[in-house]
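**Q** Sequence and predicted model, in that order:
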Amino acid sequence: MEEGPSPGGAAPAEEWLETHGRALGHFVAGTWLKPPGRGTLQCREAATGRLLATVPRGEETDLAAAVEAAATAATRWGGLGGPRRAQHLQRLAVVLERGAAGVGAVAALSGGRPLSQTLGSDLELGLRLLRAPAGWAQLGPPGLGDWGPLGVVAVVTSGPCSVAALLWKLGALLAMGNAAVVLSPPEVALVPLLVAELSGEGGALPPGVLNVVTGTPGLRRALRAHPRVAAVTFLGLRQEEVQDAVWGSPWQGPRLGVTRGGRVVVIVLESADLDSAAAAIVGSVGTPPALFPWGGCVVLAQEGVATPLERRLRDRLGGLRVGDPLNPGTDVGPLPPTAAPPEGLAQAAREEGAEVFQPPVTLPPGGPFYPPTLLTGVAPASRCLREPAPVLVLLPVRSPGEAVTVTSGLPHVAAGAVWAQDVTLALDTADRLPLGLVWVNALDPLDPTGGGAGAGASLEALREFGRPPWDPPRDVGNRPGTLLELSPEPVPGGPAAAPDIAAAVEAARRVALGWGRLSGAARARVLREAAAALGGAGTAGPPQKDGGDDDDGGDDDDGGDDEDGRLRGALLRWAAHVELMGGAVQEVPGGRALVMRRPLGVVGVAWSGPRPLRRALELLPPALALGNGLVVVAPPSGVGPALRLRQVLVAAGLPGGALTVLPGGAENHGATLARHRPDGLWLCGGGTDPDWASVGSVAHVWVPGGILGGPGQEPPPGAEQELELRCTRPRCLCLPAGGP
């Protein structure tokens, strides 16, 4: 007996398209903009290729109109205050709920996700991701009370773009008082255009706060001509697309938001309930979680359960129904727009000796459908482990520790899950994973943090789109006219050669895990002993200057004793801080979440003149106290003080590789550090100014600016909390209410 169509089905989407004559425009300043003489681009149904509508081929003048409208609206919107903005965002959520049938149908038609998902968990998650920052705007986000908006934020979309992912970005940036310009290619343009139109109903958002411009991917390059664009964030882009789109640098030009997304890694340990694990894994293969746009799943199973788990996975994959996303019985829809079929990846796996299992399912004719695929026996360096794709990869591991190591080495991992009935082992394994979101005995497509994969809690997303009081507006007028590209070879220019930096990063990576897993009390003991030793050293000889008559800038006249006093104070403050750190338990639908902060891992610190370095040394104690490894490249005037600090820390018990100081002085060391993929990169001093194309692959790039205060000044309010957040990443362990 066949199931009939879903109530409503595609009708709401078709009716909306017909009201516009299937010829949409840009949405700018609260109205449709259809400039004369523009070419058109086609929006097609994902499952059949049927023409749904046309949109304009946007040009630079269209983008300029949208940026101007957003800049005008941003002034008023940012001045409303958090509670007023919260009311608007809550009103938008109500409007989207009322229009859920149309939003879900448009998303299913154009994106290919089953209607049961776009009308269900996708929209539910999206509304939660919209309401969470609205709630913080109403209350005043803790630690962000003095923060202001950035201004105009460009949201560059590509590839799969779910309703939830779009609302995740928009909720945070709008709550902080920014206005948005969404750049969308035709494959994913319909959902942003519908959301923008609905945002004008009932005064949900003022005109100009949300604008959408359609065009080819090349239009994103025109953003560089608009100095009023204060930040650019990405949605659904692969890393190579981001590299092609960025310009400027962390010091000049817009702030760059890191693209997030990827696949899920599931670790199945020997005590796991294999039936529930297999059901959840296959469910994620059929319909990837909405915030992980490129899908795919890597399963790391302990050797004792790998074979029985494989049997269960094969059986369940054979039960998946591939077909029309509008059919309520469909488990797997067509491939997302712009996604390449994974046949090449599967063939490469075969050639490498892997076994490719595809159940005998019937695929609809003519559409971009691909059967559920399981790859086993893959080589550790296989392409299928390096590239995310809508396939399932099963890899045996010997132990939980090996599973953590393998996960740490996989690129493009957005979230994880651990299955084990031994709860102690499950929690320990989950806590060791370098991921922001980890489920325990569950794999729920609804992110309980309200923030999104890799972004952590919603406060983390708000910080991405806010300006702290110590960070002056960027100089966005000085924009290069050509793309800045990463040079494939290191550029010589200082005593610290690339091999030295590579060895230091590797050494820091080896020791950072152990140092970060020590208790806060153990790390605090090291810092206190170093502070005591530094105090004794500070009184043993004449004051030490940072550089005598060099060109450091000489912003203060304090000598070595005052310098030592500041460092001692920083060491003691952060020793106390790390001892008192804790997490929180958050109630979420279906269970609870443990929310905490964990070390970034390895942080590269690039210093250069002419800015002074005395206060910059105070950045090192919090990074070390919170469990990170550091690789510091300093100019000649800063090497001595940094080495002296390292000496007393190592004598107090800091592992040697946890802090390496290298002589630098060249402007290219930020890019050289980035080439070795540290977990964070701090750029201190105006001379260290690599372009975004050189450092954009690092997830956490930071310019400290005035966070430590100026000469003779104390750090501004909120600086200590900001330092803690810059030294750590959010971690959310999601626990189901019932058993596995």
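**A** Great, that's in hand.
**Q** neighbours of the spatially closest residue to Pro337 that is not a sequence neighbour, just the number please.
**A** Of all residues not flanking Pro337 in the chain, Glu187 sits nearest, at 3.5 Å (C-beta to C-beta, 6 or more residues apart in numbering). For every residue, glycine as well, the C-beta is placed using N, CA and C. Per other C-beta atoms under 10 Å, the neighbour tally for Glu187 reads 23.
**Q** Which pLDDT value belongs to Glu187?
**A** On pLDDT, Glu187 comes in at 92.
**Q** just Leu410 next, same as before
**A** At Leu410, pLDDT is 88.
**Q** Please tell me how far it sits from Val423.
**A** Counting by C-beta to C-beta, to the nearest Å, the gap from Leu410 to Val423 is 25 Å.
**Q** and what of Arg91?
**A** Taken as C-beta to C-beta, the span from Arg91 to Val423 is 43 Å.
**Q** between those two, who's got more neighbours?
**A** The neighbour comparison of Arg91 against Val423 (other C-beta under 10 Å) goes to Arg91, with 17 against 14.
**Q** Give me the buried positions along the helix or strand that the more buried one is a member of.
**A** Using DSSP states H and E, Arg91 falls within helix 82-98. Within helix 82-98, the residues that count as buried by 16 or more other C-beta atoms under 10 Å are 82, 85-93, 95-96.
**Q** Ala381: neighbouring residues, count only.
**A** Ala381 has 8 nearby residues by other C-beta under 10 Å.
**Q** That one belongs to a strand?
**A** No. Counting by DSSP: H, G, I helix; E, B strand; the rest coil, Ala381 is located in no strand; its state is coil.
**Q** can you tell me which residues contact it?
**A** By C-beta atoms under 8 Å, 6 or more residues apart in numbering, the contact set of Ala381 is empty.
**Q** do the same with Leu313
**A** 278, 281-282, 299, 374, 392, 394.
**Q** Which members of those residues are positioned in helices?
**A** For these, the ones inside helices are 278, 281-282, with DSSP state H as the criterion.
**Q** So which of the residues you listed is the closest to Glu15?
**A** Val282 (35.1 Å; C-beta to C-beta).
**Q** Now the closest one. Nearest residue, chain neighbours left out?
**A** Val282 sits nearest to Arg316 (C-beta to C-beta, 6+ apart), 4.1 Å away.
**Q** quick check, the one you found in a helix?
**A** Yes. With three-state DSSP as the criterion, Arg316 is located in a helix.
**Q** and the gap between it and Val639?
**A** For Arg316, the distance to Val639 - C-beta to C-beta - is 59 Å.
**Q** higher neighbour count, the two?
**A** Neighbours were counted for Arg316 and for Val639 using other C-beta under 10 Å; Val639 has more, 23 against 19.
**Q** Buried residues, whichever helix or strand that one is part of. List them.
**A** In this assignment (DSSP H and E), Val639 forms part of helix 636-651. Buried residues in helix 636-651, counted by 16+ other C-beta under 10 Å: 637-639, 641-642, 644-650.
**Q** ok now that helix, how far from the chain's centre?
**A** Taking the mean of its C-alpha atoms, helix 636-651 sits 33 Å from the chain's own mean (C-alpha atoms, centre = their mean, to the nearest Å).
**Q** Also stretch 85-103?
**A** Using C-alpha atoms, centre = their mean, the offset of stretch 85-103 from its chain centre is 25 Å.
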